[in-house]
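In: Structure for this input, please:
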Amino acid sequence: MLLTPEKPYVGKYAFDHLGFRPFFLAAGLFAVIGMILWAGIYGFGWTGLPPTYPAITWHAHEMVFGYAVAVATGFLLTAVKNWTNQQTLNQTPLLVLAGVWLLARLLPFAGVPLSVIAIIDTLFLLWLTLALARPIIRTKQWKQAALVGKIALLIPANIVFYLGLLGYWAQGTQVGLYAGFYLILALIFTMGRRVIPFFIERGVGCPFTANNDVWLDRFSLVLFVLFVGADVWALATGNPLAGLLSGMFALVQVLLHAFRLHGWYHPAIWEKPLLWSLYLAYGWLIFGFLLKFLNLAAGIAPVWIHAFAYGGIAMMTCGMMTRVALGHTGRNVAEPPAILVIIFLLLFAGAFVRVVNAALVPEFYAMWILSAQLLWITAFALFVWQYAPMLLKPRIDGRYG
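Out: Next up, the predicted model:
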C-alpha cells in the first residue's frame, strides 16, 4: 500500500514498525548467543546438536543463514520501503516472520527432525522473498530486482544444504553452504557499491566525489559470477581446472576491488568511525580474495573464509546496522555513539587474530580461535547494549518507523 501522511506516534515501543528493528536486534543477540554456543561446543565439548548435524556445519550454516540473513532481512525490508514508497512488512506479520527465523535457529537444539527444520528455514526465505518482491513489482522498480533475486537464490542453496545433511547428496552440504556464503558476499558487494561512496561523500565534511567506473562495476560482477561458478564447481566435482580458474578469478578481483576502494578514499574517513569501519571491511573482502588465491596457488591455510566472514561480512554488517539504526530512529548519523570505535576495533582485532595469527602461528591455533570468539562476543554484546533501546523505542522525532 502507498504510504500516507503520518500522524505523530505516541506509543511506548516501536519494535514492530519496520524490518530493521526486530532483525537487527535478532542479529545482534544471535551473534552473541550463537558464538557463545560455538565457543562452548568447539572449545569445551558442549553438546546439544543431533549426531546428524555436525557442530562445525551448524556454525557455518548459522553464520550465513542465521546472522547474515537476519541483517540482510532488516536492511532490505527497510530499504525497499524507501525505494518504493510502500509500507513493507510491519506489526504482526513482521513479528511472525521474525518468529519463523527464530524458530529455525532454536529447533536444531530441540531434537526436531532435520526435515522439519529444513522446511521451516526455507519457508522463512520464501516468505522474505515474496515480501520484498511485491512492492518492487507493484511499483516496477526493476533495478532493485537483482537484490531480491539474490535472496531468492538463497532458497535453493538452503535446500541443497539440507539435502546434503539428510544424506541425499554427499556434496550438497558444502555446495549449499558455499553458495549461500557467496550470495551474501554478492549482496555485500552490491550494497557496498551503492552506499559506501555515498556515505563517504556526505560524511567527510568537505566537497568530494568518490570515483566509480561503470566498466569496473560490470567487469567485477561478471568476474564474481565466474569465480563463484568455478569454486562451487570445484567443490562439487573436485575438478582441478575449476580450482585453477577460481584462483585466477580471485586474483583479478583483488586488483579490481583495490582500484575501486582507492577511488573512494579520502583522508577524512579516519575521523568518522561509521566511514572507516565500512572502508576497512571492504579491505578485508579484498584481502579475502588474495588469501583465496594464495590458498589455491601456494597451499596456505584456508583462512580466506574468515577474512571474508569475520573481517568483511561481520564488520560491514555491523557498520551498516549501526548507521541504518541511527538514521531510521531519527538520530544524527554525524554524531554516532562513542562506543562504536571500541566495537569496530574489537571486530578488526578479532578478524586479525582469526586470520593472520591463525595462519602465521598455527601452533597456538586453539588460543587464537578462543580469542577471536571472545572479541566477537564482546563487540556484539556492546552493540546490543547500545542499540537495543533505539530498536525497541520509537523514533526520537515522533514519526512512525
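
In: Could you use CA atoms for every contact and neighbour count after this?
Out: Noted.

In: Just give me the residue right at the centre of the protein.
Out: For the chain, the residue nearest the mean C-alpha position is Ala68 (3.5 Å; Cα atoms, centre = their mean).

In: Now do the same contact list for that one.
Out: The contact partners of Ala68, by Cα atoms under 8 Å, 6 or more residues apart in numbering, come to Ala27, Ile184, Ile313, Thr317.

In: switch the cut-off to 7 Å
Out: By Cα atoms under 7 Å, 6 or more residues apart in numbering, no residues touch Ala68.

In: same deal with Arg21?
Out: By Cα under 7 Å, 6+ apart, the contact list for Arg21 reads Phe15, Leu391, Leu392.

In: The second one and Leu165, how far apart?
Out: Taking Cα to Cα, to the nearest Å as the measure, Leu391 and Leu165 are separated by 36 Å.

In: what mean pLDDT does the helix or strand that contains Leu187 have?
Out: Counting by DSSP states H and E, the element that carries Leu187 is helix 172-203. Regarding helix 172-203, the rounded mean pLDDT is 95.

In: Before we move on, what's the pLDDT of the residue nearest to the centre of the chain?
Out: Looking at Ala68, its pLDDT stands at 98.

In: and what of the one 3 residues further on?
Out: Listed pLDDT for Val71 reads 98.

In: for Glu6, same thing?
Out: The model's pLDDT for Glu6 equals 53.

In: got it, and Thr322?
Out: Value for Thr322, per-residue pLDDT: 98.

In: ok, now how distant is it from Glu335?
Out: Going from Thr322 to Glu335 by Cα to Cα gives 12 Å.

In: out of these two, which sits in the busier spot?
Out: A direct count of neighbours by other Cα atoms under 10 Å for Thr322 and Glu335 places Thr322 higher, at 19 against 11.

In: For Pro207, see how far away that one is.
Out: 24 Å.

In: ok, Trp46 - how many residues close by?
Out: As a burial measure, Trp46 scores 13 neighbours (other Cα under 10 Å).

In: circling back to that earlier point, name the member of the contacts of Arg21 with the most neighbours.
Out: In terms of neighbours by other Cα under 10 Å, the contacts of Arg21 top out with Leu391 at 26 neighbours.

In: these two touch, right, that one and Phe15?
Out: Yes: taking contacts as Cα atoms under 7 Å, Leu391 lies within contact range of Phe15: 6.3 Å.

In: circling back: and the residue nearest to the centre of the chain, how far from Tyr310?
Out: Counting by Cα to Cα, the gap from Ala68 to Tyr310 is 11 Å.

In: Check Leu294 too.
Out: Per Cα to Cα, Leu294 is found 18 Å from Tyr310.

In: Now Gln86, what are its backbone angles?
Out: Dihedral pair for Gln86: phi -130, psi 140, per degrees, to the nearest 10.

In: Tell me the bridge partners for it.
Out: Judged by DSSP bridges, the bridge partners of Gln86 are Leu2.

In: what's the neighbour count on it?
Out: A count of nearby residues for Gln86, using other Cα under 10 Å, gives 18.

In: and if you look at Gly229?
Out: Gly229, neighbours per other Cα under 10 Å, totals 17.

In: Spit out the contact partners of it.
Out: Per Cα under 7 Å, 6+ apart, neighbours of Gly229: none.

In: after whichever strand or helix holds it, next one along is what?
Out: Per DSSP H and E: Gly229 is located in helix 214-237. Next along the chain after helix 214-237, taking DSSP H and E as the criterion, comes helix 240-263.

In: other SSEs contacting that next one?
Out: For helix 240-263, the elements it packs on are helix 214-237, helix 273-298, judged by 3 or more Cα pairs under 7 Å, 6 or more residues apart in numbering; DSSP states H and E.

In: List the buried residues in the shortest one.
Out: If I follow you right, that is helix 214-237. Neighbour counts over helix 214-237 (16 or more other Cα atoms under 10 Å) mark 220-221, 223-224, 226-235 as buried.

In: which intervals of the stretch 1-150 of the chain have sub-threshold pLDDT?
Out: Scanning the stretch 1-150 of the chain for pLDDT under 70 picks out 1-8, 10.

In: so where do the strands sit in it?
Out: In the stretch 1-150 of the chain, no strands are defined using DSSP state E, counting those that start in this stretch.

In: Once you drop chain neighbours, what's closest to Leu185?
Out: Leaving aside its sequence neighbours, Leu185 sits nearest to Ile313 (Cα to Cα, 6 or more residues apart in numbering; 7.4 Å).

In: Next: Gly66.
Out: Leaving aside its sequence neighbours, Gly66 sits nearest to Arg105 (Cα to Cα, 6+ apart; 6.9 Å).

In: Now for the one you found, how many residues are close by?
Out: Look at Arg105: counted by other Cα under 10 Å, it has 20 neighbours.

In: Likewise for Ile56?
Out: The tally of other residues near Ile56 (other Cα under 10 Å) stands at 12.

In: and what of Gly283?
Out: When counting by other Cα under 10 Å, one arrives at 19 neighbours for Gly283.

In: Look up how far Arg194 lies from it.
Out: As judged by Cα to Cα, Gly283 and Arg194 stand 16 Å apart.

In: Show me what the helix or strand where Leu382 lies is packed up against.
Out: Assessed by DSSP H and E, Leu382 sits inside helix 365-392. Under the contact criterion of 3+ Cα pairs under 7 Å, 6+ apart, helix 365-392 touches helix 20-44, helix 339-352.

In: re the thing from before, pLDDT on the helix holding Gly229, on average?
Out: The model assigns helix 214-237 a mean pLDDT of 91.

In: report the angle between the axes of that helix and helix 172-203?
Out: 160 degrees (axes from the mean of the first three to the mean of the last three Cα atoms, to 10 degrees).

In: tilt between helix 214-237 and helix 240-263?
Out: Using the same axes, to 10 degrees, helix 214-237 lies at 150 degrees relative to helix 240-263.
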